[in-house]
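A.B. asks: Mind folding the following:
(one chain, ligands or ions: 1)
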Amino acid sequence: MKEYTSSHYSHTPVFAEEIKQFFEKYTHKYIFDCTLGEGGHSEFFLESFLTNIFLVGIERDPVIFQKARKRLERFREKVELINGSFSRLDVYFSRLHRPDPVTCILFDIGISSFHVDESGRGFSFRKSEPLDMRFDPSDGISAYEVVNGFTKEDLADIIYEYGEERNSRRIADLIVRSRKSGKIETSLDLAEIVLKAFPRRRYNRIHPATRVFQALRIYVNNELEEFKLALEKSVEILGSGGRIIVISYHSLEDRIVKRFFKSLSPENYTILTKKPLRPSLEEIKENKRSRSAKIRVLERN
Ligand SMILES: C[S@@+](CC[C@H](N)C(=O)[O-])C[C@H]1O[C@@H](n2cnc3c(N)ncnc32)[C@H](O)[C@@H]1O
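C.D. replies: As a prediction, this is how the structure comes out:
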């Protein structure tokens, strides 16, 4: 499989070629890229489909949004870019007043390489950055406030529910104890506290902080609720014969997609991926981030 990369941007779009194939059949393509990110997928589609395409890109993070805007500037007549949350998909759709049916809706859920590598908001447990983890730093509470202000019980619940971490209580206990000697300021401080909850031999493959960081990120961004809402809105705006494509990176997200697709009437919707598609070994080799990716596709009859 050909991997699509662009040297100016840190994020490599996952499954770009496969998704393109799912979009190919439409003569007029009206695409919603609900997770614009740095614009990798969008640029790929706009370069691949030269005519009869209109693309709406939605991105919650104001910084990465500006990067995408610059990247897609040359396509300005074919795109509408919106800095906001995909849970308001229906509002953005109605504002556009376009007569053509929506043919493709893409969700590439989660964080972008930008968040880990450049944002400076504490998404990575390998870096010493202020603990924030919000996609939009002007919205909601930061990871710093959660880690330094929440009770032991609430912290344990968040780590268990959104990180699926069995040692959640132990980790929460260590966090609260460590607060007695001062605030937990950075991502690295937090990672070091989490490490103490695990004897070394118990984590050969995945760093123990992975799940805790995932949990905090999901919590501060209200990611799962936003996503559930967006899926509901997406079937409302999808035209007949249109497709929804979701790329997810962990079981919590994938479960939501699977359940949602199954909850729809088979008379009106067809699940095109009985089992989720997985990346090829080649794609994983070229783009490590793709290794946990799953793709599910739904078509409106
Ligand atoms: C995996 S990245 C997308 C990468 C993109 N497909 C590309 O090729 O560059 C996911 C993006 O979704 C954004 N995001 C997360 N929650 C969102 C929401 N509720 N509404 C809109 N965008 C969101 C994140 O800020 C992130 O940039």
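A.B. asks: can you list the residues of the chain near the ligand?
C.D. replies: 11, 13, 35, 37-41, 58-61, 64, 85-87, 108, 110-112, 135, 226 (Cβ under 6 Å from any ligand atom). Glycine gets a C-beta too; all of them are placed from N, C-alpha and C.
A.B. asks: Cross these against strands and list the overlap.
C.D. replies: Residues of these located in strands (DSSP state E): I58, E59, D108.
A.B. asks: contacting residues for the first one?
C.D. replies: Same thing as I58. Taking Cβ atoms under 8 Å, 6 or more residues apart in numbering, we find I58 in contact with F32, D33, C34, T35, L36, L81, I82, G84, S85, F86, L89, Y92.
A.B. asks: What's the separation between the first one and I141?
C.D. replies: To tie it back to what came earlier, the one meant is F32. F32 sits at a distance of 29 Å from I141 (criterion: Cβ to Cβ, to the nearest Å).
A.B. asks: Those two: which has the busier surroundings?
C.D. replies: F32 (30 against 13; other Cβ atoms under 10 Å).
A.B. asks: Just give me how far the helix or strand bottoming out on mean pLDDT in the chain sits from the chain centre.
C.D. replies: Across the helices and strands of the chain, mean confidence by mean pLDDT, DSSP states H and E is lowest for helix 281-286: a mean of 82. Relative to the centre of its chain, helix 281-286 is centred 20 Å away, using Cα atoms, centre = their mean, to the nearest Å.
A.B. asks: burial measure for the closest residue to the ligand within the stretch 151-300 of the chain, as a count.
C.D. replies: Nearest residue of the stretch 151-300 of the chain to the ligand, counting by Cβ to the nearest ligand atom: E226, 4.1 Å away. Burial of E226, expressed as a neighbour count using other Cβ under 10 Å, amounts to 18.
A.B. asks: With adjacent residues omitted, what lies nearest to it?
C.D. replies: Once flanking residues are discounted, E226 sits nearest to S87: 4.5 Å by Cβ to Cβ, 6 or more residues apart in numbering.
A.B. asks: T51 versus that neighbour, what's the distance?
C.D. replies: On the measure of Cβ to Cβ, S87 and T51 end up 32 Å apart.
A.B. asks: more crowded one of these two?
C.D. replies: A side-by-side neighbour count of S87 and T51, using other Cβ under 10 Å, places S87 first with 20 against 8.
A.B. asks: which residues sit in contact with the more buried one?
C.D. replies: Neighbours of S87 in contact, by Cβ under 8 Å, 6+ apart: E225, E226, F227, L229, A230, K233.
A.B. asks: buried subset of these?
C.D. replies: E226, F227, L229, A230, K233 (16 or more other Cβ atoms under 10 Å).
A.B. asks: Helices - which of the residues you listed land there?
C.D. replies: Of the positions in the buried ones among the contacts of S87, E226, F227, L229, A230, K233 sit in helices, assigned by DSSP state H.
A.B. asks: Looks like S124 contacts F114 (just checking).
C.D. replies: No. Between S124 and F114 there is no contact under Cβ atoms under 8 Å: 11.5 Å.
A.B. asks: coming back round to it: could you list the buried residues of the least confident helix or strand of the chain?
C.D. replies: For helix 281-286, burial by neighbour count (16+ other Cβ under 10 Å) applies to E283, E286.
A.B. asks: before we move on, what about stretch 48-55?
C.D. replies: Quick answer for stretch 48-55 (16+ other Cβ under 10 Å): F49, I53, F54, L55.
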